[in-house]
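Engineer: build me a model:
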Amino acid sequence: MTAIETHATPQAETDAETATALRILLSVAVFVAGWATSVALWGIPGLYIPALALVPVVWGLLITVSRV
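Structural biologist: Predicted coordinates for the structure are as follows:
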C-alpha cells in the first residue's frame, strides 16, 4: 500500500456541489464579460475604474479569508 492509497479517498460530488460550482463559474464569466464590455465601450477608463472600485472589496475578502 502506498502513501497515496492510505490517504483519504475522494468522495463523489453531489448535485448540490455541482450546482454551486456552476453558479460560481457562471458568476465569474458574467463579471469578466461585463468588464470586457466596459473596456470595449469606454477604453482604458473602462479597464481601470472597475479595478479601482474593487480594491476595497478584495481587501475585505482577504481580511475575511485570513480570519478563517
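Engineer: how about the helices in this structure?
Structural biologist: Assigned by DSSP state H, the helices in the chain fall at 3-6, 15-42, 44-53, 55-67.
Engineer: just put those helices in a markdown table and tack on mean neighbour count and mean pLDDT.
Structural biologist: C-betas here are computed from N, CA, C, even on glycine. Output for the helices of the chain, formatted as a markdown table (neighbours: other C-beta atoms under 10 Å; pLDDT from 0 to 100):
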| stretch | mean neighbour count | mean pLDDT |
| --- | --- | --- |
| helix 3-6 | 7 | 64 |
| helix 15-42 | 11 | 95 |
| helix 44-53 | 11 | 96 |
| helix 55-67 | 9 | 96 |
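Engineer: tell me how far P56 lies from V39.
Structural biologist: To V39, P56 is 21 Å away according to C-beta to C-beta, to the nearest Å.
Engineer: same deal with L26?
Structural biologist: Between L26 and V39 the computed distance is 21 Å (C-beta to C-beta).
Engineer: next one: V32
Structural biologist: With distances taken as C-beta to C-beta, V32 is found 11 Å from V39.
Engineer: one more: F31?
Structural biologist: For F31, the distance to V39 equals 13 Å [C-beta to C-beta].
Engineer: ok, residues contacting stretch 39-59?
Structural biologist: By C-beta atoms under 8 Å, 6 or more residues apart in numbering, the residues outside stretch 39-59 that reach it are W35, S38.
Engineer: swap in 10 Å and give it another go.
Structural biologist: Contacts to stretch 39-59, defined as C-beta atoms under 10 Å, 6 or more residues apart in numbering, come from residues F31, G34, W35, A36, T37, S38, L61.
Engineer: just flag the most distant two among these.
Structural biologist: The largest separation in those, counting by C-beta to C-beta, is between T37 and L61 at 23.5 Å.
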